[in-house]
Structure formats: C-alpha cells, structure tokens
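Undergrad: Sharing a model prediction with you, sequence too.
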Amino acid sequence: MKILVVGQGGREHALVWKLAQSPLVEKIYCAPGNPGISQIAASIPMPERFADLANWAESESIALTVVGPEVPLAEGIVDVFRERGLKAFGPDKRAAHLEASKDFAKQLMMKNDIPTAAHRTFTDAEEAMAYIEDQNTPVFVKANGLAAGKGVIPGRTFKEAVQAVTTILIDKAFGDAGDSVVIEEELIGEEASFTVLTDGTYCLPFVSSQDHKMSHDGDTGKNTGGMGAYSPAPVITPELHDYVMERIVYPTVNGMADIDRLFKGVLYVGLMITDAGPKVVEFNCRFGDPEAQVLLPRLKSDLVPLLIACIDGTLKQHADVQWHNEAAACIAMASGGYPDPYQTGEVITGLEDANAIEGVTVFHAGTEQDGEDIVTAGGRVLGVTAVAGGLHDAIQRAYQGVSAIQFADAHYRKDIGYRALGRN
C-alpha cells in the first residue's frame, strides 16, 4: 500500500521510519517532510487547502494517511479525508478539541471525575491577576489554545504569574491561542507521558516514557516542546499503569463518546505523579514529540495494522502487540537561544558519523537542504535517539551520537534521564 504522512518534524521522521519497516508498505510520501525524511520517503509540497491534499491522495491511490502534528488535526484535516472515503489516522476536528482547548479538556475532566489540578479560565487580564493574588500560591498560566508546547508559563511568584498573564492575554505572545488563559495550581511530583492508541472504544497502551520539557538541566529554564525523552519510565509502576487506564484513559475516551466526540487516534496523557496519585497535566491528540522517537523504536509489532484498526474500530483484535525489551533515549539538539529567538541556516555536520554508531538513529526535526548542505531551520533541530539493553547504556549511546554532530551554537540538555538513573 501507499502511505502519506503529514508533517515535517522529528515525530513525523520517526513515524516514516517505523512505517517503512512494514512489509505492507509499498511507498511512503510525506507532506512536506524534511531532509531526513526524504531519505526514506518522497517529499511533496503541503498545499494550503486540505481538500487539495485529499485530491492528490485520491489520485495517487493513497491507502492510509497518517497526520502527525496537532494543528492540522485541530483544523479538521481528518474530516476532509473521511468525507472523501479516504482512511486518515487521527481524531476529527471535534475530538481534537481535547488538545486544542485546555478549558474544554478541564471541563471534560471535571465532568468525568478525572484527577487534575484545580483551575480557572479567564479572558480578562485584571480578573486573572486578582484570582492569582487571592490564591497566594504558585500557579501555572497556560494559553488556552495550541502554542507548539510553549504556551505554559510557571508563575511561582505573584510577579511571575502576573507577567505570564500579561505575556499571553495582553501582549498576545501566542496569538489567538492566548485569547483566554487557564490558571491552575502547581502540581508537585514527577512527570510522565502515557500514550495509548484508541478506536473510540478500546484503548491499547504503549510502553511508558518521560519527557523533559524545560530548556536547561535540572528542569530549569523555560518551557519547550521537549528537550529529550526516554523509555521505559520507572515512575510508572504496574499499579500506576492500571490506575491511569482505569481512572484517566477510559473515562476520557468514554467521556468524549458520551458527548458525541468519538476519539480515534493517539491519546497522549501528560501526567504528574503526585503524593496524592497521578493527575492530568495535559492531553494531546497525537504522538508526543520527542516521545515518539523513543516509543516507536521499541514497538516490535507492525504499526500499520494498528493505525488502520483505530480507524476501522477493530483495535481490540490487536491487543497482543509486541515490544522490544531494549530501552530507548532521545536527546534534542536545539538552536542556541531556543525557545527564545534563535539563528537558522547553520550548517550541520557529523550526521553520517552519528547514524553509524550502533543503535543510534538521528531523527530530523528542524532542518532543511541548502545545496549540498543540511542546515538548521527550527528551534529543535535534531532528535538523536539510541536503543540499548538498559536505560543507562541507551542514554550514554545517545550522547555519543550527539558528540558526533556539530552546528553553530548547538544547545542540548546534558541530564536526560536523570530521574530514572537516580532510582538505581
């Protein structure tokens, strides 16, 4: 079969890489792709209108379209494809609202008794600031809409929180995504990423993983789209796994179905493991990035039948999915200054040397081709991923890959996996 992947980041490179291993796949296209993806798939331009892409998919007899990023999902790309009778993996527009509106997600959680942080939503800056003053406790200020993982600002002091409200509601740093803000209590604990596939009824859990959101070592600095990840995450014990499935995942999927928003695709649950148990920090309606870069290399089963089963409502037939025992780690190499303004166009060297290291795969995130050179073209540039028998070795091998790569002012965290390693 022919497959189309929509997107151009590290997550999409990992998806293309995994899909290409399927014996069912004849050819993969990616719109718009990147230089790394173009080594294993045919890159095509991403048209402005989803209808034009659907026309192309129909003309090329594309059997399955896999949508990577949240924005096209939230804008209804799956709806357009389904109306043509084309198979497209991911939630439709109504279901993707679970990620597109943090306020909607909070309301769903409250209605279905899903554990999460206490919160309030505001459109007026003065009212938001007054609420913060009344709370007199550390908070997080979140742009309600999609902000590429950067619309979450900690307000551990009143001054920081007020500045966050100003940045989002008044300065419009995140555009329309910041027309309203969700202010929630700061949850204390350890974060974890919980990923499932669902056909709207049955939920198939992936192995555990943990992301590193903050820009600098020790979880300091600013919030980012993710500076690295690893799998498994030992904070997710078997008991916690069962609790999350029973108290969070199924109530979410069933709650969406109850309000006629059947959710099919990837449900990503960002968790904080607190002393009072796991609580939901966020929902995403697609694979995490960089979590996909550590989850997909650990998936032993063919991904293609799983995605099709989500669309067809037959996922329960694939409950015996198989996983590799190896651990995986991904280090994000970013442009200097990220998530603040950064330079692009810097020449990248050492990619072949890194990929030649046993167990290492370099996934392109923000790169482009410039003549014979591959250059930086985004905040997060590369995801250097490694698999090994144990987590310590996987992390060490990933950093070996990072050391082989050079570009001007490259920035990466040097402590990916520190929480897991500290448990040993």
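TA: Perfect, I can see it now.

Undergrad: Are we agreed that residue 245 is in a strand?
TA: No. Secondary structure of residue 245 (DSSP: H, G, I helix; E, B strand; the rest coil): helix, not part of a strand.

Undergrad: Let me see the contact set for it.
TA: When contacts are counted by C-beta atoms under 8 Å, 6 or more residues apart in numbering, residue 245 is found next to 196, 203, 205. Just so you know, the C-beta spots here come from the backbone N, C-alpha and C atoms, and that holds for glycine as well.

Undergrad: which of those residues are buried?
TA: 196, 203, 205 (16 or more other C-beta atoms under 10 Å).

Undergrad: Among these, name the ones in strands.
TA: Of these, the ones assigned to strands by DSSP state E are 196, 203, 205.

Undergrad: The last one is in contact with residue 193, isn't it?
TA: Meaning residue 205. No. Assessed by C-beta atoms under 8 Å, residue 205 is found out of contact with residue 193, at 11.6 Å.

Undergrad: picking up where we left off before, of all the contacts of residue 245, which comes closest to residue 292?
TA: residue 196 (13.5 Å; C-beta to C-beta).

Undergrad: Pull up the gap between residue 39 and residue 371, please.
TA: According to C-beta to C-beta, to the nearest Å, residue 39 and residue 371 sit 17 Å apart.

Undergrad: mind listing the strands for the stretch 151-300 of the chain?
TA: Using DSSP state E, counting those that start in this stretch, the strands found in the stretch 151-300 of the chain span residues 152-155, 181-185, 190-198, 203-205, 210-211, 214-216, 220-223, 228-231, 265-274, 277-284.

Undergrad: residue nearest the centroid of this structure?
TA: residue 288 (1.9 Å; C-alpha atoms, centre = their mean).

Undergrad: one step back: which member of the contacts of residue 245 is positioned nearest residue 304?
TA: Closest to residue 304, out of all of the contacts of residue 245 and judged by C-beta to C-beta, is residue 196, at 17.7 Å.

Undergrad: what are the bridge partners for the closest one, then?
TA: For residue 196, the beta-bridge assignment (DSSP bridges) gives partners residue 205, residue 267.

Undergrad: so it makes contact with residue 206?
TA: Yes. The criterion here is C-beta under 8 Å, and residue 196 meets it with residue 206 at 6.5 Å.

Undergrad: returning to what we had before: could you redo the contacts of residue 245 as TSV and give each row distance to residue 253 and pLDDT?
TA: Putting those into TSV (distance: C-beta to C-beta, whole Å; pLDDT from 0 to 100) gives the following:
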residue	distance to residue 253	pLDDT
196	8	98
203	6	98
205	12	98
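
Undergrad: now these in TSV, with distance to residue 80?
TA: Output for the contacts of residue 245, formatted as TSV (distance: C-beta to C-beta, whole Å):
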residue	distance to residue 80
196	25
203	26
205	30
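
Undergrad: which among the residues you listed gets closest to residue 301?
TA: Nearest to residue 301 out of those is residue 205 (C-beta to C-beta; 13.2 Å).

Undergrad: contacting residues for that closest one?
TA: 194, 195, 196, 241, 245, 249.

Undergrad: now it: how far from residue 274?
TA: 21 Å.

Undergrad: Need the pLDDT of residue 424.
TA: Listed pLDDT for residue 424 reads 58.

Undergrad: Same question for residue 187.
TA: pLDDT at residue 187 comes out at 91.

Undergrad: Burial check on the nearest residue to it once chain neighbours are set aside, number of neighbours?
TA: Leaving aside its sequence neighbours, residue 187 sits nearest to residue 272 (C-beta to C-beta, 6 or more residues apart in numbering; 4.1 Å). Residue 272 has 20 neighbours, counted by other C-beta atoms under 10 Å.

Undergrad: Residue 272 pairs with what?
TA: For residue 272, the beta-bridge partners are residue 191, residue 279 (DSSP bridges).

Undergrad: Quick check, it in contact with residue 186.
TA: No. Assessed by C-beta under 8 Å, residue 272 is found out of contact with residue 186, at 9.4 Å.

Undergrad: anything in contact with each of these two?
TA: Common neighbours of residue 272 and residue 186 (criterion: C-beta under 8 Å, 6+ apart): residue 117.

Undergrad: Skipping its backbone neighbours, what lies nearest residue 110 in space?
TA: By the measure of C-beta to C-beta, 6+ apart, the closest residue to residue 110 outside its immediate chain neighbours is residue 116, 7.9 Å from it.

Undergrad: For the one you found, grab the count of nearby residues.
TA: For residue 116, the neighbour count with other C-beta under 10 Å is 22.

Undergrad: can you tell me which residues contact it?
TA: The contact partners of residue 116, by C-beta under 8 Å, 6+ apart, come to 106, 109, 110, 184, 279, 280, 281.

Undergrad: can you do 6 Å?
TA: Neighbouring residues of residue 116 by C-beta atoms under 6 Å, 6 or more residues apart in numbering: 109, 279, 280.

Undergrad: now residue 390
TA: Each residue near residue 390 by C-beta under 6 Å, 6+ apart is listed here: residue 327.

Undergrad: can you tell me the helix or strand for residue 141?
TA: Element membership of residue 141, judged by DSSP states H and E, is strand 139-143.

Undergrad: In that strand, which residues are buried?
TA: Across strand 139-143, burial judged by 16+ other C-beta under 10 Å covers 139, 140, 141, 142, 143.
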